[in-house]
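S.K.: Predicted model follows, preceded by the sequence.
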Amino acid sequence: MIVQAAITMLVLLGLSAFVVDHGVLWLGREQAQNAADAGAIAGAIARAYDDIDAAPSASTGIVHDTVTEVVRRNPVWFNEAFTTSGLSYACPPGADRCVKVDVFRDGTSGSATLPVFFGPVLGITSQPVRATATAQVAAGNGTTCLKPWAIPDKWIERSVPADDNFKKHAAGPNPDDYRPPTANPPGGYAFPDDLGQLVTLSFAHPEASEPITAGFLLPLDLPGTYEQNIAGCNGQMATFDQTIGVGTSAEEAATNAGFQALFDLEPAASWVNNNVNSCAPVCAPISPRLVALAVFDVEQYEFMRATGNWAACAVTGPSGQCVKVVNIVGLFIEDVAGGVITGRLARYPGRVWTDSPTLTSLSSFLPAITLVR
């Protein structure tokens, strides 16, 4: 019986080593991967919104501190597993602006191995695990929360003296130039050069003949009511190269009231160091004063407007007009007074939509955070 008990105990210890120690190994491996994923995503978010340097430091700075803190809050078998040697900015092929996080619990880089409870009976004295994850700041090309407003893209002013009015196909000397963000080299609003640029917008009447200025704010005809699209998100993907119908002058009152309502949702928000100082994400996912605006091809719109030929519109709004979206930017609403809106060009959380054209990181204001490895 003693011999049989000894043999049985050996078998049971082997099974325990397999069940308990192997369970610790797989749990530790899962926790290490969770820590690496969370650290990489957090680092990419910090790189997208807080440190847009082309080559941030891997040992200091906000990206490093963010990754370190997030990984620290995701321990691997009750111990911290991250060291500064686990952060880099290496990208796999086809990715750009990456944050790579390696999590160690294998006895290297100052880490300890996982505990072993029954393994020594079988000669197993240590269990090393490690994990890696890479996230990128992709150049997004769409959003599901576009507000029903569009502004003209930036053009090259040729008028002498400069009059801040776009004129190319309309009558007049010294026609202005426009190069869309899809050109080579890209034109229009640029990132990060125009990040934080102060713009002054006022409602533009589609049926009128007022000149197209940098503050030309057009109403858009989006799914749902105009007021619903101001107050919330319609969930419909809006992307570059999309044609959207233009609303009418009847939306002017709702536009001014809508901007005021958004401002009043967080009057204490402010613009600091090219970022929104907000109560988000505690009070809301993002500040209600940060909105997504369509940027339209100013040359195409001016040509159709000057000739009265809207045949190029795949769809038209109640005004019989349309605009071609060439970019989408964030706008932080700084002030609303007497129908005049002042704001700052800002980043806005974006998505990558494979069925639509993309822009380079020099034009896109829609950072899209994705895990790539």
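M.R.: The structure has been received and is ready for your questions.

S.K.: Walk me through the domains of this protein.
M.R.: 2-139, 142-366 (automatic domain parsing).

S.K.: For those domains, give me a markdown table that also has mean pLDDT and distance to R373.
M.R.: In this view, the C-beta of every residue, glycine as well, is placed from N, C-alpha and C. Output for the domains of the chain, formatted as a markdown table (pLDDT from 0 to 100; distance: least, C-beta to C-beta, whole Å):
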| stretch | mean pLDDT | distance to R373 |
| --- | --- | --- |
| domain 2-139 | 88 | 4 |
| domain 142-366 | 93 | 16 |
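
S.K.: Can you add mean neighbour count and give those back as a markdown table?
M.R.: Formatted as a markdown table, the domains of the chain follow (neighbours: other C-beta atoms under 10 Å):
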| stretch | mean neighbour count |
| --- | --- |
| domain 2-139 | 18 |
| domain 142-366 | 18 |
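
S.K.: And what about R179, helix, strand or coil?
M.R.: When classified by DSSP: H, G, I helix; E, B strand; the rest coil, R179 comes out as coil.

S.K.: Verify the stated contact: it with A190.
M.R.: No - R179 lies out of contact with A190 (C-beta atoms under 8 Å); the separation is 10.8 Å.

S.K.: Among the domains of the chain, which comes closest to V372?
M.R.: V372 lies closest, by C-beta to C-beta, to one member of those: domain 2-139, at 4.8 Å.

S.K.: measure that closest one end to end?
M.R.: 70 Å (C-alpha to C-alpha, to the nearest Å).

S.K.: Now do that domain: distance to the chain's middle.
M.R.: Centre-to-centre, domain 2-139 and its host chain are 27 Å apart (C-alpha atoms, centre = their mean, to the nearest Å).

S.K.: quick one: contacts for N174?
M.R.: By C-beta atoms under 8 Å, 6 or more residues apart in numbering, N174 lies in contact with R158, S159, V160.

S.K.: Would you mind measuring from the last one to R130?
M.R.: The one in question is V160. For V160, the distance to R130 (C-beta to C-beta, to the nearest Å) stands at 64 Å.

S.K.: And for the first one?
M.R.: Separation of R158 from R130 (C-beta to C-beta): 59 Å.

S.K.: again, but for D50
M.R.: For D50 relative to R130 (C-beta to C-beta), the value is 27 Å.
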